[in-house]
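Q: Predicted coordinates and the sequence they were generated for:
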Amino acid sequence: MNVPSFTEASPLTRRQFLKSSGLAVVAGTLAPPKAVAQSTDGRVWVAISLVTLAVARAYPAESEWKVGLANVRITPEKPVPMAGYASRTKPFEKVEQDIYAKALALEDRQGNRAVLLTTDLIGISRAVAELVCQRIQDKTKLVRSQILLSSSHTHSAPMLSLEERTEAGVAPEDARNIVAFTHSLQDKLVDMAVQALSRLEPARLSWGSGVAHLAMNRREFTPKGVILGVNPRGLVDRSVPVLRVDSADGKLRAVLFDYACHNTTLTQTNFSLCGDYAGFAQAYIQERFPGAQAMFMIGCGGDANPYPRGTMENARELGATLGREVGRILDAPLKPVIGPLNCVFDHASVPLQQFSRVELVKMTNGPSWQTGNAKAMLARLDRGEKLASVYDVPVAVWQFGSDLTLVGLSGEVVVDYVPLIEQAIGPLQLWIAAYCNDVFGYFPSARVLKEGGYECRGLYTTEGFFAPTAQDVLVAKVRELAQRSGRKLAE
Ligand SMILES: [Zn+2]
């Protein structure tokens, strides 16, 4: 049976319709099927209304969705080195705040399922993520597109690696502990996802967005080029999208929120394990709304740092600022999110710049953001291997009916992609997350590549620098997937 679709364009809200029908009042709006909307034949409308009534009875408002939640503490048993600052190779010295992985499993009325995993971690590479996703698929019959793995990019959480790597100054024992931690993390992520999917209960989803002022564009222009600093006139995305999950009886069960800014309030002098501002924001929300699971995703904050930064007090305050804004959004009426859920996933084959050996040698004496990758590329040539010409960048789009599009980009995406994607697929009912599925390095825009600076350093899980045409390839893939997922696009 065809279930009529619900859109916001309808003159008759579903609430009004169901109220006049004596049914439970629910959020959302009802649109008659197109052919009927254009018909002047009242009998057709009545007939279709009766079908709708039957559907509404079969699917009461409370069962629009089923949601399952799970979380697991992932604080390492043994201290391991923290990721994010190359100069810091020693293990953490204390635990300021436990770190967590959290899962939100969804099932729509048609039985389409998906699971979103968030983590208080620097970023999960393809090597680590794909093994996790494969194991979840094996255990749950989900397909790859129905799994979204994200990380907060906290720079106060453990390094991750499946190989014992000591070349960056990490002691052999610490390198072993990093691998052991990564394996145990993978096990925990798989178990947590399976657990969340086994706990599906009737739920309602709604969403809204606010604003928080803690992101600062960090690309500071100086006579010597762009440095990692403070650029108050630079673009940042200060939006705070929030997805609210309520139980069938209206109890707040989970909050997914997003902010587009590095979790780098704490700097390389910090040796305390911590989720940074995002960790404190999640803790703030869970304290204010007892029993609710707060989950954080990071947006296109590749070129944004928190402001001010440098101390644990800064991290706490910024977390509270963000948490308060999420609380304010939750206190206001939110827009209902109705299914179906359509998840799509693909890779964009993104071009890498091609350099001769002579050019690479020259680059090893270039700006600091260039030297590491140039040396690694030369080393690959010395081993008689070819340099890659493309990198396959994962892109995910989750389409929630006609209410919300969640774009899950991967890598450290710079803020320029917010307006670029808004232009490509429209700015409304849009949530853009980054650092999903494969955190392989920075993903700069053509503008950023032209200007130079740290965000141009390229891939760090393998070698290569993205080409200026990378921008068009990624945006085209997002548009293609948005269309495939069912988002309505302008011509
Ligand atoms: Zn980063």
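A: Yes, it's here.

Q: Point to the residue nearest the middle of the protein.
A: The residue lying closest to the centre of the chain (C-alpha atoms, centre = their mean) is A433, at 3.8 Å.

Q: What about A476, how many residues nearby?
A: 12 (other C-beta atoms under 10 Å). (Glycine included, C-beta is placed from N, CA and C.)

Q: Nearest residue to the residue nearest to the centre of the chain in space, ignoring adjacent ones along the chain?
A: Excluding its sequence neighbours, the residue lying closest to A433 (C-beta to C-beta, 6 or more residues apart in numbering) is M297, at 4.5 Å.

Q: Spell out the secondary structure type for that neighbour.
A: With DSSP: H, G, I helix; E, B strand; the rest coil as the basis, M297 sits in strand.

Q: residues near it, how many?
A: Neighbours of M297 using other C-beta under 10 Å come to 26.

Q: quick one: it from R244, how far?
A: M297 is 14 Å from R244, where distance means C-beta to C-beta, to the nearest Å.

Q: cool, and A388?
A: Taking C-beta to C-beta, one finds A388 at 42 Å from R244.

Q: in which helix or strand would I find the nearest residue to K251 once chain neighbours are set aside?
A: Spatially, and ignoring its direct neighbours in sequence, K251 is nearest to G291 (7.3 Å; C-beta to C-beta, 6+ apart). Following DSSP states H and E, one finds G291 outside all helices and strands.

Q: what about stretch 319-338, distance to the chain center?
A: 18 Å (C-alpha atoms, centre = their mean, to the nearest Å).

Q: on that earlier part again, who has more neighbours out of A388 and R244?
A: Applying other C-beta under 10 Å to A388 and R244 shows that R244 carries more neighbours, namely 23 against 16.

Q: what's the helix or strand that contains the more buried one packed up against?
A: Using DSSP H and E, R244 sits within strand 239-247. Secondary-structure packing of strand 239-247 (3 or more C-beta pairs under 8 Å, 6 or more residues apart in numbering; DSSP states H and E): strand 201-211, strand 252-259, helix 312-331.

Q: in its sheet, what does that strand sit against?
A: Strand pairing for strand 239-247, using DSSP bridges, gives strand 201-211 (antiparallel), strand 252-259 (antiparallel).

Q: now the shortest one: mean pLDDT?
A: Think strand 252-259. Averaging pLDDT along strand 252-259 yields 98.

Q: Check which element follows it along the chain.
A: Note on strand 252-259: by DSSP H and E, the next helix or strand toward the C-terminus is strand 272-273.

Q: ok, residues contacting the following helix or strand past that next one?
A: Per DSSP H and E, the first helix or strand lying C-terminal to strand 272-273 is helix 276-288. For helix 276-288, the external contacting residues (C-beta atoms under 8 Å, 6 or more residues apart in numbering) are 97, 99-100, 120, 152, 154-156, 214, 255, 257, 259, 261, 263-266, 275, 292-296, 298, 306, 315-316, 318-320, 322-324, 326-327.

Q: Where does V478 sit, in terms of helix or strand?
A: Going by DSSP H and E, V478 is in helix 470-485.

Q: Give me the distance from that helix to the chain's centre.
A: That offset, for helix 470-485, works out to 16 Å (C-alpha atoms, centre = their mean).

Q: go on, stretch 410-427?
A: Taking the mean of its C-alpha atoms, stretch 410-427 sits 13 Å from the chain's own mean (C-alpha atoms, centre = their mean).

Q: again, but for stretch 181-200
A: 18 Å.

Q: What average pLDDT does it get?
A: 98.

Q: Over to stretch 393-409?
A: Mean predicted confidence for stretch 393-409 is 98.

Q: Restrict it to CA atoms and write it as PDB.
A: The C-alpha trace of stretch 393-409 is given here as PDB (Å, rounded to 0.1, in the frame of the first residue of the first chain):
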ATOM      1  CA  VAL A 393      36.400  10.100  -0.300                       C
ATOM      2  CA  PRO A 394      33.300   8.600   1.400                       C
ATOM      3  CA  VAL A 395      30.200  10.700   1.200                       C
ATOM      4  CA  ALA A 396      26.900   9.700   3.100                       C
ATOM      5  CA  VAL A 397      23.500  11.300   2.800                       C
ATOM      6  CA  TRP A 398      20.600  10.300   5.100                       C
ATOM      7  CA  GLN A 399      17.300  11.700   3.900                       C
ATOM      8  CA  PHE A 400      14.500  11.900   6.500                       C
ATOM      9  CA  GLY A 401      11.300  12.100   4.400                       C
ATOM     10  CA  SER A 402      11.000  15.700   3.200                       C
ATOM     11  CA  ASP A 403      12.000  17.100   6.600                       C
ATOM     12  CA  LEU A 404      15.700  16.800   6.900                       C
ATOM     13  CA  THR A 405      18.900  15.900   4.900                       C
ATOM     14  CA  LEU A 406      21.900  14.900   6.900                       C
ATOM     15  CA  VAL A 407      25.100  15.100   4.800                       C
ATOM     16  CA  GLY A 408      27.900  13.100   6.300                       C
ATOM     17  CA  LEU A 409      31.200  14.300   4.800                       C
END
